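*Asks:* Sequence first, then the predicted structure:
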2 protein chains.
Amino acid sequence: MDIKTYLKEKRELIDDFLEKYFDSPLKPDVLKNSIVYSLSAGGKRIRPVLCLAAYEACGGKSDEIVPYAAALELIHTYSLIHDDLPAMDDDDLRRGKPTNHKVFGEGMAILAGDALLTEAFYLLSREDSHGENPARIPHSAVLKAVYEVAGGSGRYGMVGGQAQDLLSEDEEPEAETLSFIHRCKTAALITASVRMGGILACCNEDALSGLTRYGENIGLAFQIIDDILDVEGDTGTLGKTVGSDEKKKKMTYPKLYGIERSRDKARELINGALEALRIFGEGAEPLRAIARYLLERKN
Amino acid sequence: MDIKTYLKEKRELIDDFLEKYFDSPLKPDVLKNSIVYSLSAGGKRIRPVLCLAAYEACGGKSDEIVPYAAALELIHTYSLIHDDLPAMDDDDLRRGKPTNHKVFGEGMAILAGDALLTEAFYLLSREDSHGENPARIPHSAVLKAVYEVAGGSGRYGMVGGQAQDLLSEDEEPEAETLSFIHRCKTAALITASVRMGGILACCNEDALSGLTRYGENIGLAFQIIDDILDVEGDTGTLGKTVGSDEKKKKMTYPKLYGIERSRDKARELINGALEALRIFGEGAEPLRAIARYLLERKN
């Protein structure tokens, strides 16, 4: 299959939905502008696409769950806005553009993040998200999806990882802490995204456990590759400053294991992800192709 | 009825639940300490109590929905932590103690707020919250509660109001903007709290519309009284610095209308709230007593 076309098509589904969804007026204007600025900054929409691909792997049609998948991008975008703040990673550049607080100020950036996080749950729980879709996902499955997303992004997931990351700057890299940070900060929400696809398709326990292992593996690989790109990438292609982890004394895989062993580790994880999909048939081809693609990505 | 005893009993229900809920270990410790610090700072738990009282007014028993009601306090606490940040209201004192960022630093305070907001939806959607309660609230009602809370606290509710508040500092007070700020910043989540009680009790449309009007009225009255206390209150009783609105050039009711007219307005709203409960019987006595109590409060 042509993974690039697949990724583009699914990304456009999400982009179109988000554009329409945030088209209505909002008071104050500045809050809307701040939200839309970060949301339309050209993200790859990898979390929503993973959710759609997992839903397809379980026999669903991805256009049935676009609003639910899009909610994942709201969470991801909020996390970028807050992570970039001066009190956190203090970044000036994101996806090739000035970071949110550089344009709208710190207060508005904090609020835009808060609004996006809250909106994710508004979108997941609204009757329209449910009513519009021909699949008629049961309320119990939607509620499980809310739980999944909140779990992956909260204190035992993304926020916990970010807190540990903040505390570990300037510290000597150490395997257990590094693994904790990456698993929580990045892999937890990616795993939740994949699982959400299965949950919305009301898949069985075996399928969900396969999707879980797939998510955990690609989630960690994704962050390791991010770390490698921060050392070896190109600022123009990446849209953020190369070498910023080093400058900020971040705990990373290349710093602890070197580039080659980090790359080996990522490859191993991707193989683990493919292995986890063995119980799935043809329908999981997009998930498999995404795993392979992640290993080769340049941004 | 003895409203002070009622408030104390219900507050203890919420306090006990929250204490147990956050008792389990969390990595990193600092994140947990930061969360628990603000959550146990002696809040009145007025939003959860309103939810419980509304549930009772619709024939439910309040101990059936304690986890759902407690989720409202997580949202309220997150909003206080973020509002106090230097980039927002820049407050050093809250409920008589140093604000969260003064103790844990800005980065950790932002993350504690993010964690609390996310946890509210985790708590609302978890099977235990549902399974433990003998009322067996239907999934559809829980999903509506999620939607209600997200709506009241998001871009069309609390966050929107806070954004306008931030933009309106230093500006001349103006009736329409002031009303917008207060309705969104404070009344929206209070209204959602009251409505949530009705929704979880699966009340009918008439009851829900009565609860809605009650919530809107007491919500706005609550904020007006807050404004008055900021002028006339006692720093010791209030637990925050009196006169801080004036110092920060906040748009407030006393500034626009003077103290006496603001007090009249609050009284009028409380009467409107009582009027909105006319269709309810005995079961709504606690809601009525809370409305009257709010008018007399000193902190």
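*Replies:* Thanks, I have the structure now.
*Asks:* for whichever strand or helix holds residue A:207, packing partners?
*Replies:* Taking DSSP states H and E as the definition, residue A:207 sits inside helix A:205-232. Helix A:205-232 sits against helix A:46-57, helix A:175-182, helix A:188-200, helix A:244-247, helix A:253-276, helix A:285-296, with contacts defined as 3 or more Cβ pairs under 8 Å, 6 or more residues apart in numbering or on different chains; DSSP states H and E. Bear in mind the C-beta positions are built from the backbone N, C-alpha and C, glycine included.
*Asks:* let's see it at 10 Å
*Replies:* Counting contacts by 3 or more Cβ pairs under 10 Å, 6 or more residues apart in numbering or on different chains; DSSP states H and E, helix A:205-232 is packed against helix A:46-57, helix A:175-182, helix A:188-200, helix A:235-238, helix A:244-247, helix A:253-276, helix A:285-296.
*Asks:* To chain B, which of the ones you listed lies closest?
*Replies:* Among those, helix A:175-182 comes nearest to chain B, with 6.8 Å by Cβ to the nearest Cβ.
*Asks:* Give me the contacts around the closest one.
*Replies:* The contact list for helix A:175-182 (Cβ atoms under 10 Å, 6 or more residues apart in numbering or on different chains) reads A:160-168, A:171, A:174, A:187-188, A:219-224, A:226-227, A:250-253, A:255-257, B:27-28.
*Asks:* Please produce a ChimeraX select command covering the buried subset of these.
*Replies:* Buried residues among these (16 or more other Cβ atoms under 10 Å in any protein chain shown), as a ChimeraX selection:
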select /A:160,161,162,163,164,165,166,167,168,187,188,219,220,221,222,223,224,226,227,250,251,252,253,255,256,257 /B:27,28
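*Asks:* related to what we said a few turns ago, can you put the helices and strands packed on helix A:205-232 in TSV and add distance to residue B:99 and mean pLDDT?
*Replies:* Formatted as TSV, these follow (distance: least, Cβ to Cβ, whole Å; pLDDT from 0 to 100):
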stretch	distance to residue B:99	mean pLDDT
helix A:46-57	33	98
helix A:175-182	27	94
helix A:188-200	29	98
helix A:235-238	37	70
helix A:244-247	30	82
helix A:253-276	35	96
helix A:285-296	41	96
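*Asks:* Now render these as TSV, adding distance to residue A:33.
*Replies:* Formatted as TSV, those follow (distance: least, Cβ to Cβ, whole Å):
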stretch	distance to residue A:33
helix A:46-57	23
helix A:175-182	32
helix A:188-200	26
helix A:235-238	25
helix A:244-247	26
helix A:253-276	37
helix A:285-296	32
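*Asks:* OK, contacts around the spatially most central residue of chain A?
*Replies:* By Cα atoms, centre = their mean, chain A has its centre lying nearest to residue A:47, at 4.2 Å. For residue A:47, the contact set (Cβ under 10 Å, 6+ apart) comprises A:14, A:69-73, A:75-76, A:149, A:152, A:189-190, A:192-194, A:196, A:219.
*Asks:* And it, how far from residue A:55?
*Replies:* From residue A:47 over to residue A:55 the distance is 13 Å, taken as Cβ to Cβ, to the nearest Å.
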